[in-house]
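J.: I'll drop the sequence and a predicted model, then ask my questions.
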Amino acid sequence: MKPRHSIFSPMKTVRLLLVLLCLHTTLRAVEITIDSEPFTIPAPRGYSLLTDDMQPWADIAKRYVPSTNKQYALFMPDTDITLVKIGGAPQNNNRRYAVQMLIAGEHDFIGNADFEKIKNGFRNQMNDNANANGAATMKKISDTALNADGGNASTTVNNLTMLPVHDETSRSVSCSMLTKFTVNDNGYDQIMESVATITFVHLKGKVLYLYVYAPKEDLEWSRQASKEWLAEIMAANPVSAAMAQREQAENHSGFNWFSLGKSGFQGAIIGGIVGAIVVLMKRKNKSKSPPPA
């Protein structure tokens, strides 16, 4: 009798593993298109995309995106996504990643000289007036956040602190902000604090806003996580020689750089109010819990 040979030789096994690894990477990346230009946004390790069918949490999260911005992706911990898929509520919503962009700038091509202006504006907005304007904007936009049960939760910013730029390259600039706010949910006040690290990244003639949200004690984590995610995004979106040449040559002098910077900071402020979302989640779960026997 001839000996049996496994159909999986060592080399075939290695190849299969590589194929599965590539497939896993592809499935954990989000493909988006901005003004006909494709972008690949890798999911951070341990996080998954919150999709529109994951209700009501997808709609709740959308209420914390500035009207000036478009959100392309929101990533939450895998454990939370698993719960949401089976009708549960997120339990660890304090750490999240998001990608947004200024709607008014979707069809504008941003050159290298343009991005230098953006970085300068980024720094100029880090002053007391910008902080005050940010708080006023937050109060105006999120004064009333409707939840899935039809109730109201008013959110008021008590203190907003913008920290200096901590990381900068020719294609990115990053800073963090600390936000202290009060959520009033049907007469119950809860004071909360959060941190957000925001990165403006210049990629393929566009400027994306990358946000990493975390609890107040996780400032350094948010910065390191943001830096690692930025590196993954840059690696997944190589800039061609033709694109690099165009970025070097074009200068969009008529663009409103202040509006771009302001909308970026608003996204960090508003998206950082994760506690308000948590309050709504806890209240929804409590309302559905059966009374004690």
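T.: Now that the structure is in, tell me what you want to look at.
J.: which regions of the stretch 151-293 of the chain lie under the pLDDT threshold?
T.: 151-157, 185, 252-293 (pLDDT under 70).
J.: where do the strands sit along it?
T.: Ranges of strands within the stretch 151-293 of the chain are 152-162, 167-169, 172-185, 188-203, 206-215, based on DSSP state E, counting those that start in this stretch.
J.: would CSV of those with mean neighbour count and distance to residue 111 be doable?
T.: Where you see a C-beta, it was placed from the backbone N, CA and C, and this is true even at glycine. Output for those, formatted as CSV (neighbours: other Cβ atoms under 10 Å; distance: least, Cβ to Cβ, whole Å):
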stretch, mean neighbour count, distance to residue 111
strand 152-162, 17, 27
strand 167-169, 14, 16
strand 172-185, 21, 16
strand 188-203, 20, 9
strand 206-215, 23, 11
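J.: ok, residue 115 touching residue 202?
T.: Yes. Counting by Cβ atoms under 8 Å, residue 115 does reach residue 202; the two are 4.2 Å apart.
J.: which residues are common contacts for those two?
T.: residue 171 (Cβ atoms under 8 Å, 6 or more residues apart in numbering).
J.: which residues sit against stretch 68-78?
T.: With contacts defined as Cβ under 8 Å, 6+ apart, stretch 68-78 is touched by 30, 32, 34, 41, 43-44, 46-50, 61-62, 65, 84, 90, 92-93, 95-104, 106, 209, 259, 262-263, 266-267.
J.: ChimeraX command for the buried members of the residues you listed?
T.: ChimeraX command restricting those to the buried ones, with burial defined by 16 or more other Cβ atoms under 10 Å:
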select :30,32,34,41,43,44,47,48,49,50,61,65,84,90,93,95,96,97,98,99,100,101,102,209,262,263,266,267
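J.: what's residue 200 in contact with, if anything?
T.: 118, 119, 122, 172, 173, 174, 207, 208, 209, 210, 261, 264.
J.: try it again at 10 Å.
T.: When contacts are counted by Cβ atoms under 10 Å, 6 or more residues apart in numbering, residue 200 touches 115, 118-119, 121-122, 168, 171-175, 207-210, 260-261, 264.
J.: ditto for residue 51
T.: 30, 58, 73, 74, 81, 84, 85.
J.: so which of those is the most crowded?
T.: Among the contacts of residue 51, residue 74 has the most neighbours (other Cβ atoms under 10 Å), with 24 neighbours.
J.: bridging residues for that residue?
T.: residue 98 (DSSP bridges).
J.: need the contact list for the residue lying closest to residue 84 once chain neighbours are set aside.
T.: Nearest residue to residue 84, sequence neighbours excluded (Cβ to Cβ, 6 or more residues apart in numbering): residue 54, at 4.6 Å. Shown in contact with residue 54 (Cβ under 10 Å, 6+ apart): 48, 61, 76, 80, 81, 83, 84, 85, 87, 90.
J.: from these, which land in strands?
T.: 48, 76 (DSSP state E).
J.: which of the contacts of residue 54 sits closest to residue 198?
T.: residue 61 (17.2 Å; Cβ to Cβ).
J.: how close does residue 32 sit to residue 237?
T.: Distance from residue 32 to residue 237, counting by Cβ to Cβ, to the nearest Å: 10 Å.
J.: what's the overlap in contacts for these two?
T.: 38, 39, 40, 41, 208.
J.: wait, isn't the last one in contact with residue 201?
T.: Yes. If you go by Cβ atoms under 10 Å, residue 208 and residue 201 touch, sitting 5.1 Å apart.
J.: give me the common contacts of these two.
T.: With Cβ under 10 Å, 6+ apart as the test, residue 208 and residue 201 both reach 99, 172, 230, 233, 237.
J.: please produce a markdown table containing those residues, extended by distance to residue 160.
T.: Output for the shared contacts of residue 208 and residue 201, formatted as a markdown table (distance: Cβ to Cβ, whole Å):
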| residue | distance to residue 160 |
| --- | --- |
| 99 | 22 |
| 172 | 23 |
| 230 | 24 |
| 233 | 27 |
| 237 | 32 |
